[in-house]
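# what's the 3D shape of this:
(one chain, ligands or ions: 1)
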Amino acid sequence: MENFKIPYGRQNIEQDDIKAVVETLQTDFLTQGPKVKEFEDKFAQYIGAKYALAVNNATSGLHLAVLAMNLKKGNRVITTPITFAASANCVRYAQGEVWFADIDPNTYLLSLESTRKLIEGKPKGFFKGIIPVDFAGLPANLEEFRKLADEHDLWIIEDACHAPGGYFTDSKNNKQYCGNGNYADIGVFSFHPVKHIACGEGGMLTTNSKEVYNKLSLLRTHGITKENMSENHGGWFYEMQELGFNYRLTDFQSALGITQLAKNNRGVIRRNEIAQTYKNAFQGKIKFQSLPSGSYNAHHLFVIEVDNRKELYDFLKSHNIFAQIHYIPVHTLPYYKNIGYSEAELTNAEKYYSRCISLPMFPSLTDEELQYVIDKVLEFIND
Ligand SMILES: Cc1ncc(COP(=O)(O)O)c(C=O)c1O
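Predicted structure coming up:
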């Protein structure tokens, strides 16, 4: 066992994935082609959203999402400090201001109460939007965020990068799958290899609004369209209507996305089995992310809290278990500090960061490896 290296996350590439990519490489389409459309259609159907638009990564997707919400210079947006920096950076790309609300100390998600306090402490119109994150795979309750957003005329972009396949149950007892667009204006997913669906790099935007979808499509390809072409124009005609980008996903990445998507349910079930085994072993001994009733955690991560986190990290590493920390609070990163954010304001986030550690969580983790990780964690705790 000591010769093994167990990372915190790992992609799962099988023969059907390889075959799909190789077959697509033998077609006429290397960049955007029929596989992109097929991936988008299958993804939209899987998530339960009307529209899906593939992009080259979720960071680009978040950038397009804030632009589609018409974010302008100086506009203020609220997000969580416990996320990957990209959730906040998209606001900065559009010269907006990021404001951080605190997290809930048990779910580790953006706190509704803290967000409400921030909004209600300012005049109406002060904020433009909220970016909740389905952190670790646990769905944010977007029905509650929507109510708050509607009271204050705000848009919602759901950062669902950790959560394809996760859901919360709304007040009408309906399962609301992450990114389905019923409460958020746009959902954003990542296909980075440590995530559920690996494309190498890749991302997907989901929405139920035709208008938002059209805007996102235009911005994905330079702001260029042929829609105003008439009989008087030659076949080369196009117009650039907006300053857009090249954020396209390739066909061979989409072929991989399609086969990976087909395994997502199996992967999420295995992730939940692993989580349950950790919980059974740690119950009453170690604090872990709580699960609100009616929610299904897609478990990109399994996070625990301990007093001596660095020592546990080093101890696990010395036994070939490569745990990870998610995340250094975004407002404490030098870039954000340099533009005026200070530490010690978001007490739950900062306390959480001093104690959190993510244990190995990926579908191909074997029962033997899982037991080894549990044994080592308990050995450390009981020492
Ligand atoms: C919550 C969250 N948002 C956004 C991103 C950015 O994703 P990508 O690497 O696809 O740009 C990540 C990736 O780590 C993430 O974890």
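
# burial measure for the closest residue to the ligand within the stretch 201-350 of the chain, as a count.
Closest residue of the stretch 201-350 of the chain to the ligand, C-beta to the nearest ligand atom: Gly203 (4.9 Å). All C-beta atoms are positioned from the backbone trio N, CA, C, and that covers glycine. By other C-beta atoms under 10 Å, the residues close to Gly203 number 26.

# For it, which residues count as its bridge partners?
Here Gly203 sits in beta bridges with Val55, Ser190, going by DSSP bridges.

# Could you do Glu305 as well?
Going by DSSP bridges, Glu305 forms beta bridges with Lys287, Cys356.

# Would you mind measuring from it to Ile286?
Separation of Glu305 from Ile286 (C-beta to C-beta, to the nearest Å): 7 Å.

# State the pLDDT value of the closest residue to Ser111 other than its chain neighbours.
Residue nearest to Ser111 in three dimensions, not counting chain neighbours: Asp104, with 4.5 Å by C-beta to C-beta, 6 or more residues apart in numbering. Per-residue confidence (pLDDT) for Asp104: 98.

# separation between Asp104 and the ligand?
Using C-beta to the nearest ligand atom, to the nearest Å, Asp104 is found at 16 Å from the ligand.

# can you pull the contacts of that residue?
Asp104 makes contact with Leu110, Ser111, Asn348, according to C-beta atoms under 8 Å, 6 or more residues apart in numbering.

# Repeat that for Leu256.
Leu256 touches Asp17, Ala20, Val21, Ala198, Cys199, Gly200, counting by C-beta under 8 Å, 6+ apart.

# Am I right that the first one is in a strand?
No. Secondary structure of Asp17, determined by DSSP: H, G, I helix; E, B strand; the rest coil: helix, with no strand assignment.

# you'd agree Gln260 is up against Cys199?
Yes. Here Gln260 reaches Cys199: they are 7.2 Å apart, a contact under C-beta atoms under 8 Å.

# Buried ones in stretch 81-89, by neighbour count?
Across stretch 81-89, burial judged by 16 or more other C-beta atoms under 10 Å covers Pro81, Ile82, Thr83, Phe84, Ala86, Ser87, Ala88, Asn89.

# Now for those residues: which two are most distant?
Ile82 and Asn89 (15.1 Å; C-beta to C-beta).

# Quick check: bridge partners of Asp176?
Careful, residue 176 is Gln and not Asp. Bridge pairing for Gln176 - DSSP bridges - gives Phe168.

# Can you check what pLDDT the model gives it?
pLDDT recorded at Gln176 is 98.

# any idea how far Glu227 is from it?
Using C-beta to C-beta, we find Gln176 at a distance of 33 Å from Glu227.

# Can you pull the residues of the protein lying near the ligand?
57-59, 83-84, 86-87, 133, 159, 161-162, 190, 192, 203 (C-beta under 6 Å from any ligand atom).

# These in helices, which ones?
Ala58, Thr59, Ala86, Ser87 (DSSP state H).

# Put together CSV for the residues you listed, with pLDDT and distance to Ile186 on each row.
CSV is the format used below for those (pLDDT from 0 to 100; distance: C-beta to C-beta, whole Å):
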residue, pLDDT, distance to Ile186
Ala58, 98, 12
Thr59, 98, 14
Ala86, 98, 15
Ser87, 98, 13
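
# If we only consider those residues, which is nearest to Leu216?
Among those, Ala58 lies closest to Leu216 (C-beta to C-beta), at 13.3 Å.

# didn't the closest one look like it was pressed against Gly187?
No. At 10.4 Å, Ala58 and Gly187 do not qualify as touching, with contact defined as C-beta under 8 Å.

# Pick out whichever of the two has more residues nearby.
Taking neighbours as other C-beta under 10 Å, Ala58 and Gly187 compare with Gly187 leading, 31 against 27.

# how about that one, what does it touch?
Gly187 makes contacts with Ile47, Ala49, Ile157, Glu158, Ala160, Cys178, Gly179, Asn180, Gly181, Leu205, Thr206, Thr207, as judged by C-beta under 8 Å, 6+ apart.

# Give me the distance between it and Ile47.
In terms of C-beta to C-beta, Gly187 sits 7 Å off from Ile47.

# Where does the prediction get shaky in this protein?
Applying pLDDT under 70 to the chain flags residues 1-3, 342-344.

# Kindly present the residues of the chain next to the ligand as a markdown table, with separate columns for distance to Glu369.
Listed next are the residues of the chain next to the ligand as a markdown table, based on distance: C-beta to C-beta, whole Å:
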| residue | distance to Glu369 |
| --- | --- |
| Asn57 | 29 |
| Ala58 | 28 |
| Thr59 | 31 |
| Thr83 | 28 |
| Phe84 | 25 |
| Ala86 | 30 |
| Ser87 | 30 |
| Val133 | 28 |
| Asp159 | 29 |
| Cys161 | 25 |
| His162 | 22 |
| Ser190 | 25 |
| His192 | 22 |
| Gly203 | 29 |
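
# tell me which of those residues is nearest to Asn272?
Checking the residues of the chain next to the ligand against Asn272 with C-beta to C-beta, the nearest one is His162 at 13.9 Å.

# Spit out the contact partners of the closest residue to that closest one other than its chain neighbours.
Spatial nearest neighbour of His162, chain neighbours left out: His300 (3.7 Å); criterion: C-beta to C-beta, 6+ apart. His300 makes contact with Gly9, Ala136, Gly137, Cys161, His162, Ala163, Val194, Lys195, His196, Arg271, Met361, according to C-beta under 8 Å, 6+ apart.
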